[in-house]
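*Asks:* Sequence first, predicted coordinates after that:
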Amino acid sequence: VLVAVIAVTAALSVSAQSQAAEPLQSLVPVPVSVQARAGVTYTLTAATKIYTAPAARDVGDFLAGVLRPSTGYALPVSDAAGAPADGISLLLSGAPSPAGQQGYQLDVAANAVVVRANTSEGLFAGVQTLRQLLPANAESATTQPGPWTVPGTLIVDYPRFSYRGAMLDVARHFHPVASVKRYVDQLALYKINYFHLHLSDDQGWRIVVDSWPRLATYGGSTQVGGGAGGYFTKAQYSEIVQYAAARRITVIPEIDMPGHTNAAQASYAELNCNGQAPPLRTDIEVGYSSLCVNKDITYQFIDDVVREIAALTPGPYFHIGGDEAHATSDADYQAFMNRALPIVKKYGKTVLGWHEFVKTTTDVNAIPQYWGTTTSNAVVQAAVQRGNKVIMSPANKAYLDMKYNSSTPLGLSWAGLIEVQTAYEWNPGTHLSGVTEAAVRGVEAPLWTETLVTSRDLEFMAFPRLSAIAELAWSPWSTHNWDQFKARLGAQAPRWTTMGINFYRSAQVPWD
Ligand code: TNX
């Protein structure tokens, strides 16, 4: 018997207080539709098997990888032949039509769990929901007692926006591969599907470019505060790309230009108009550096860098930064973009940039990432009128590096203080005048790292606000409700504790 628990929002408010820990009412992001099967529970046992469509084998392996350590069960993964009667099946057939390219149906009955989707991305999203329906200690790295119950349900779910992003700045403070993977794991649980890596800035260049080797070896040799910095080898970058892809997350590399380039200019004198390399910088000033717009070598440099990084990047996007180019005149900024943007295209990538770059192009495929703090922006609005899509990252809502309140020990405050409710209470589809829901490509939460050194630091700023942004990007606006969200958010705490996530215990949230 199917009982409607959430006719999108309905019954949730009534029960949110009393049953915050009920898994069906604690999902983040909240699904489009959740029906409970009253009295039905599926229990994972030592005999449970995972069956997958052949093309989704690695999604089954991912699920087994999460559950084997905590349950201690073997959880063998094998190809689904037809529709197995028991176990957990991940199938690329029979999904209801609303599932689309990224959605799924999750059917939990007494003897079987069946996830159906049209793509392996959809199955991966369904697996994240299934994780959240299991007890929090299912996330443990060590064997736990169980029982491993999943409430009976029929969920049909799909995203509001097909782009749900998170950015990590590895330039201001370098974050090594293990930290990046840890963050990618955390993103996956909340159905983030794009990971934007800010790979270069004034204080550091963080990826090997074979044709310009000093970028990494010298330009990567320090960071904010003067520490040792670091960089990714090409193999390490590819390892991150593959790790993300296994979590159905697409990596977007960013090389910021024509400003935020001191590390490159310090590495190669010829990138400077005066032919002199400036010293490496470890402070957090912005807006003083600029590539030399009138030298041909500048564009040879960009060609080499974009070619080499694009070749390592299977995803469709390349981010060229373009922000805060205060040391570049408007005419030079235009001249620079006239030559830089075609290079990105030449190497087969669609260009993304911080929103101001879009004033330099009429290419409707260029995607501005709005990072301003106001609710109207002439440059972005004009681009939308031409047909461009926008990624929404308003700094006063979506910036994970802003302090929560004036006593937050980490973070900055130039865009304001962002408590959890502030991060949640805005509508990406109406936030900017002239930028309608249909013009929004998606939502992204940037994490700048001027003040963030360790994974614990990253987590403290990202959690719980990342979950708020993830819900804005995934769940239908009709479900948007702070009181209901905060109850579901509070129910994430035991899971985060089990996963070792160092989260901010906001007083706004009723933590379990
Ligand atoms: C502004 S947002 C920047 C970054 C800083 C950030 C700190 C943007 C496109 N540029 O260079 O790291 O503020 O919050």
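*Replies:* Ah, there it is. Residues are numbered from 1 along each chain as shown.
*Asks:* Enumerate every residue touching the residue sitting nearest the centre point of the chain.
*Replies:* Geometric centre of the chain, nearest residue: Ala166, 2.8 Å, by Cα atoms, centre = their mean. For Ala166, the contacting residues are 183, 187, 192, 194-196, 444-447, 462, 466, 469, by Cβ atoms under 8 Å, 6 or more residues apart in numbering. The C-beta positions use only the backbone N, C-alpha and C, and glycine is treated the same way.
*Asks:* Dig out what it forms beta bridges with.
*Replies:* Phe195, Ala445 (DSSP bridges).
*Asks:* measure it to the ligand for me?
*Replies:* Taking Cβ to the nearest ligand atom, to the nearest Å as the measure, Ala166 falls 14 Å from the ligand.
*Asks:* Look at Ser478 and tell me its secondary structure.
*Replies:* helix (DSSP: H, G, I helix; E, B strand; the rest coil).
*Asks:* I'd like the distance between it and Gly321.
*Replies:* Per Cβ to Cβ, to the nearest Å, Ser478 is found 36 Å from Gly321.
*Asks:* Looking at these two now, which is surrounded by more residues?
*Replies:* Gly321 (24 against 10; other Cβ atoms under 10 Å).
*Asks:* Excluding chain neighbours, give the residue nearest to the more buried one in space.
*Replies:* Asp256 (2.9 Å; Cβ to Cβ, 6 or more residues apart in numbering).
*Asks:* Name the helix or strand for the one you found, please.
*Replies:* Per DSSP states H and E: Asp256 is located in strand 250-257.
*Asks:* In terms of secondary structure, what does that strand contact?
*Replies:* strand 194-198, strand 200-201, helix 234-246, helix 296-311, strand 317-321 (3 or more Cβ pairs under 8 Å, 6 or more residues apart in numbering; DSSP states H and E).
*Asks:* How many residues are close by Glu324?
*Replies:* Residues lying near Glu324 (other Cβ under 10 Å) number 17.
*Asks:* same question, Pro342
*Replies:* 15.
*Asks:* Can you check my assumption that it lies in a strand?
*Replies:* No: under three-state DSSP, Pro342 sits outside any strand and is assigned helix.
*Asks:* ok, now how distant is it from Phe336?
*Replies:* Distance from Pro342 to Phe336, by Cβ to Cβ: 12 Å.
*Asks:* What are the contacting residues of stretch 171-180?
*Replies:* Under Cβ under 8 Å, 6+ apart, the answer for stretch 171-180 is 168, 170, 183, 197-206, 220, 223-225, 227-232, 236, 239-240, 256, 263, 284, 448-450, 452-455, 458.
*Asks:* how about it: buried residues?
*Replies:* Across stretch 171-180, burial judged by 16 or more other Cβ atoms under 10 Å covers 171-175, 177, 179-180.
*Asks:* Kindly report the same for stretch 307-320.
*Replies:* 308-310, 312-313, 315, 317-320.
*Asks:* Torsion angles phi and psi at the residue nearest to Ala81 when sequence neighbours are not counted?
*Replies:* Closest residue to Ala81 apart from its sequence neighbours, by Cβ to Cβ, 6+ apart: Tyr51 at 7.9 Å. Backbone torsions of Tyr51, given as degrees, to the nearest 10, read phi -110, psi 140.
*Asks:* Let me know how buried Tyr51 is, in neighbour terms.
*Replies:* By other Cβ under 10 Å, neighbour count at Tyr51 equals 23.
*Asks:* Show me what it bridges to in the sheet.
*Replies:* Where Tyr51 sits in a bridge, its partners, by DSSP bridges, are Ser78, Ser89.
*Asks:* Wait, it touches Leu90, no?
*Replies:* Yes: if you go by Cβ atoms under 8 Å, Tyr51 and Leu90 touch, sitting 7.1 Å apart.
*Asks:* what is in contact with these two at once?
*Replies:* 60, 80.
*Asks:* one step back: any idea how far the residue nearest to the centre of the chain is from Val351?
*Replies:* Distance of Ala166 to Val351, given as Cβ to Cβ: 20 Å.
*Asks:* wait, which of the buried residues of stretch 171-180 is closest to the ligand?
*Replies:* Among the buried residues of stretch 171-180, Arg172 lies closest to the ligand (Cβ to the nearest ligand atom), at 6.4 Å.
*Asks:* from the stretch 201-350 of the chain, which residue is nearest to the ligand?
*Replies:* Asp323 (3.4 Å).
*Asks:* can you pull the pLDDT of that residue?
*Replies:* On the pLDDT scale, Asp323 is placed at 95.
*Asks:* what's the nearest residue to it if we skip its chain neighbours?
*Replies:* Per Cβ to Cβ, 6+ apart, closest to Asp323 is Trp354, 3.6 Å.
*Asks:* What residues are bridge-paired with that neighbour?
*Replies:* Bridge pairing for Trp354 - DSSP bridges - gives Gln369.
*Asks:* what's around it, how many residues?
*Replies:* 24.
*Asks:* ok, now Val380?
*Replies:* As a burial measure, Val380 scores 25 neighbours (other Cβ under 10 Å).
*Asks:* counting contacts, what elements does the longest strand seen in the chain pack onto?
*Replies:* The residue-count maximum for a strand in the chain (DSSP state E) belongs to strand 33-44. Identification of packing neighbours for strand 33-44 by 3+ Cβ pairs under 8 Å, 6+ apart yields strand 2-6, strand 104-108, strand 148-157.
*Asks:* The stretch 151-300 of the chain against the ligand: which residues are in contact?
*Replies:* Val286 (Cβ under 6 Å from any ligand atom).
*Asks:* try the chain
*Replies:* Taking Cβ under 6 Å from any ligand atom as the contact definition, the chain meets the ligand at 286, 323-324, 354, 371, 395, 399, 401, 412, 448, 450.
*Asks:* Buried only: go through these for me.
*Replies:* 286, 323-324, 354, 371, 395, 399, 401, 448, 450.
*Asks:* Which of the residues you listed fall within strands?
*Replies:* Per DSSP E, those map to strands at Trp354.
*Asks:* Now tabulate the buried ones among the residues of the chain next to the ligand in TSV and tack on distance to Gln421.
*Replies:* TSV is the format used below for those (distance: Cβ to Cβ, whole Å):
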residue	distance to Gln421
Val286	29
Asp323	27
Glu324	29
Trp354	26
Trp371	21
Ala395	17
Tyr399	15
Asp401	18
Trp448	22
Glu450	25
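*Asks:* Out of the buried ones among the residues of the chain next to the ligand, which two sit at the greatest distance?
*Replies:* Trp354 and Glu450 (16.4 Å; Cβ to Cβ).
*Asks:* Quick check: which ranges of the stretch 151-300 of the chain have low pLDDT?
*Replies:* Within the stretch 151-300 of the chain, no stretch has pLDDT under 70.
*Asks:* Quick check: the gap between the closest residue to Glu437 other than its chain neighbours and Ala439.
*Replies:* Distances taken as Cβ to Cβ, 6+ apart place Gly429 nearest to Glu437, at 3.3 Å, with adjacent residues excluded. Taking Cβ to Cβ as the measure, Gly429 falls 9 Å from Ala439.
*Asks:* How about Val114?
*Replies:* Computed as Cβ to Cβ, the Val114 to Ala439 distance reads 37 Å.
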